[in-house]
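Asks: I need the structure of the sequence given here:
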Amino acid sequence: MTVARATTRVIEPISLADTVMGGRLVIHLEPNGRADQALVDARRVIARIDRWAARLSRHSAASDLSALNADPRSSVLVRPTLASALLAGLVAADASEGFTDITLLDARLAAEGLGGAAAAISSRANDWQIENRRRGSALVIRPPDLHFDLGGVGKGWIADRALHLMSSWPSVVIDADGDLAIRCAPGECWEIGIDDPREASTQLTLLRFQVPSRGIPSRWGVATSGISIHNWTVAGNKTHHLIDPRTGRPAVTDIVQATVIAGSTLRAEALAKAAVIAGRDAGFALLERAHVQGAILLTESGEVLALPSTLALLAT
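Replies: Below you'll find the model as predicted:
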């Protein structure tokens, strides 16, 4: 996913990039004549996100998430950052009608040919609960063999939180490895290119997010999910990272990629993943029930489909 700046006047955006949770984090913002302060604020937010990501990554044995997954007790007290991200997992599950599920780590590892798991491991979303405690901490109650994977939920949570931290800047895009949290000031617009997974350096379409000059600052979440990037060959079979919680196996789907526009990045991420897993017909129906602001789906036959609400966001 690429980001370009388009406004009613010529503005040079400030952009800072970092590597977070195994992906790329970029902050784009309009400096409004305060480039030095913009860089200071962006660096401060990136440092904060680095600390969050270090607590949420399953790839680090020192993270709070890894400690929870390795804990043999059925009740574990977790610190505020992990507690908030786990609660975001519940929000994502509700928004996606259960298709986005953070209890599928073992199934994900099995799909990658890792972890020694051979059997399908379906959703365990009903096997755990979380109880709030003092000062943002929480008690996680689950069977010790239930393991969490925040994945896209973590990226969406980080993007939304980062946008909030940049609240003093009216026009900002937080790009958390392709999941975008967008805020736009009146009289300006952001143009977001949706990449075509079939051919490098090409785009399916260009979206424009703008606010009338007499409007108020607005925000959006944009997320893209698909089966064309994170995939592998295991025992001679092609597989991918999107696990269907109904089967515990990589989704069998006729959708290659889905982009969803919603009011938050977390919600957009959850629904984009859900649309791919559910497939064309069920996915479109789910997105319509969710009243998303727009959606673009690429099918395995090469069709590019969009919800009618998306037309207002297409750049002309």
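Asks: where does this structure have low pLDDT?
Replies: Low-confidence segments of the chain (pLDDT under 70): 1-12, 21, 114-120, 230-238, 316.
Asks: Check which element follows the top helix by length along it along the chain.
Replies: Longest helix in the chain, counting residues (DSSP state H): helix 35-56. On the C-terminal side of helix 35-56, the nearest following helix or strand under DSSP states H and E is helix 64-70.
Asks: Now do the following helix or strand past that next one: distance to the chain's middle.
Replies: Next helix or strand after helix 64-70 toward the C-terminus (DSSP H and E): strand 75-78. Its chain's C-alpha centre and that of strand 75-78 lie 25 Å apart, by Cα atoms, centre = their mean, to the nearest Å.
Asks: what helices or strands is strand 75-78 leaning on?
Replies: Here strand 75-78 touches helix 64-70, strand 138-141, going by 3 or more Cβ pairs under 8 Å, 6 or more residues apart in numbering; DSSP states H and E. Glycine gets a C-beta too; all of them are placed from N, C-alpha and C.
Asks: Flag every buried residue along it.
Replies: Residues of strand 75-78 classed as buried: 76, 78 (neighbour count, 16 or more other Cβ atoms under 10 Å).
Asks: Just the residues contacting it, thanks.
Replies: Contacts with strand 75-78, where a contact means Cβ atoms under 8 Å, 6 or more residues apart in numbering, come from 64, 68, 86, 133, 137, 138, 139, 140, 141.
Asks: returning to what we had before: now the longest helix of the chain: how far from the chain's centre is it?
Replies: With Cα atoms, centre = their mean, you get 18 Å for helix 35-56.
Asks: by contact count, what packs against that helix?
Replies: Contact here means 3+ Cβ pairs under 8 Å, 6+ apart; on that basis helix 35-56 packs against strand 14-20, strand 23-29, helix 64-70, helix 80-95, helix 151-165.
Asks: Which SSE is immediately downstream of the last one?
Replies: Where DSSP H and E defines the elements, the next helix or strand beyond helix 151-165 is strand 172-176.
Asks: What helices and strands are in contact with the helix or strand just after that following strand?
Replies: Next helix or strand after strand 172-176 toward the C-terminus (DSSP H and E): strand 179-184. Here strand 179-184 touches helix 151-165, strand 172-176, strand 188-195, strand 203-210, strand 218-226, helix 265-278, going by 3+ Cβ pairs under 8 Å, 6+ apart.
Asks: Any buried residues in the longest one, and which?
Replies: Looking back up the chat, that one is helix 151-165. Buried, per 16+ other Cβ under 10 Å, within helix 151-165: 151-163, 165.
Asks: what angle do that helix and strand 172-176 make?
Replies: Helix 151-165 and strand 172-176 are oriented at 160 degrees to each other (axes from the mean of the first three to the mean of the last three Cα atoms, to 10 degrees).
Asks: For residue 96, see how far away the closest residue to residue 69 other than its chain neighbours is.
Replies: Counting by Cβ to Cβ, 6 or more residues apart in numbering, residue 147 is the residue found nearest to residue 69 once chain neighbours are left out, at 4.5 Å. Computed as Cβ to Cβ, to the nearest Å, the residue 147 to residue 96 distance reads 20 Å.
Asks: same deal with residue 22?
Replies: Taking Cβ to Cβ, one finds residue 22 at 22 Å from residue 96.
Asks: And the next helix or strand past whichever helix or strand residue 283 is part of?
Replies: Per DSSP H and E: residue 283 is located in helix 280-290. Next helix or strand after helix 280-290 toward the C-terminus (DSSP H and E): strand 294-299.
Asks: Who does that following strand pair with, and is each partner parallel or antiparallel?
Replies: Applying DSSP bridges, strand 294-299 is found paired with strand 255-262 (antiparallel), strand 304-306 (antiparallel).
Asks: could you dump those to TSV with mean neighbour count and distance to residue 227?
Replies: TSV is the format used below for the strands paired with strand 294-299 (neighbours: other Cβ atoms under 10 Å; distance: least, Cβ to Cβ, whole Å):
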stretch	mean neighbour count	distance to residue 227
strand 255-262	26	6
strand 304-306	15	16
